[in-house]
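# Okay, sequence plus prediction incoming.
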Amino acid sequence: MPSSASPALLVRSMRSLFSSFTTRHCQQFCFRVWWPGLVVSFHVAKGHHRAGLRDRVSNFGSIADVNNENNTKTRSFDVQPRSVPVHVAHALLQVGHQYLDVRTHDEFRAGHPSGAINIPYMLNHGAEMFKNSKFLEEVSSQFGKDDDIVVGCKSGRRSLMAANDLQSAGFNRVIDVAGGYTAWTENGLPIAK
């Protein structure tokens, strides 16, 4: 059986191969890759590789026609960060993505995915939690806007909010971990303390 990194490597190789194929041989090409627990669809059209790939691969967002300043119609994507199951997140880490753990420092110290970087999205203040006002600044000091970042928390709620904020701030390659650290440990994935 292939290693856990195989799905991400397969997806990257297939995208590269078929983008090149459509450029030279045809106007449009569609295909789907199945892997246990993972289905990735590609739609590649000549001159529109990235937009088609982004919309079809991630299965999120909506597309709308909008008028730009020259009063010509363009395509606009209303994009939400994509959420992936923990086993897909683990495979992405194996091929170079970095794990951003947005839980509190205490939660992180109790255990976290191996190699994770902790920058809390919410901070404890007594019995209440407040959004970390320096979150984006702290993330910017650790990550570049084009870095591949997997964002996780305890159950997936804070990480999705953090991923939305990061994407709005220009971080282009952010993926949310569905189920968070709870699902990570339930699936027996590597942890550190």
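Done, it's in.
# how about the helices in the protein?
6-25, 49-58, 86-94, 105-110, 135-142, 157-168, 180-186 (DSSP state H).
# Lowest average confidence across the ones you listed, which one?
Here the lowest mean pLDDT among the helices of the chain goes to helix 49-58, at a mean of 34.
# May I see the domains of this protein written out as residue ranges?
As recorded under automatic domain parsing, the domains making up the chain are 6-78, 82-186.
# Can you give me the end-to-end span of the last one?
In this case it means domain 82-186. 21 Å (C-alpha to C-alpha, to the nearest Å).
# Which pLDDT value goes with Ser62?
38.
# how close does the closest residue to Gly96 other than its chain neighbours get to Glu128?
Once flanking residues are discounted, Gly96 sits nearest to Asp148: 6.2 Å by C-beta to C-beta, 6 or more residues apart in numbering. Glycine gets a C-beta too; all of them are placed from N, C-alpha and C. Separation of Asp148 from Glu128 (C-beta to C-beta, to the nearest Å): 33 Å.
# Looking at those two, which is more packed in?
With neighbours defined as other C-beta atoms under 10 Å, Asp148 and Glu128 compare such that Asp148 has more, 16 against 8.
# how close does that one sit to Thr182?
23 Å.
# Repeat that for Asp106.
For Asp106, the distance to Thr182 - C-beta to C-beta - is 16 Å.
# for Arg109, same thing?
For Arg109, the distance to Thr182 - C-beta to C-beta - is 16 Å.
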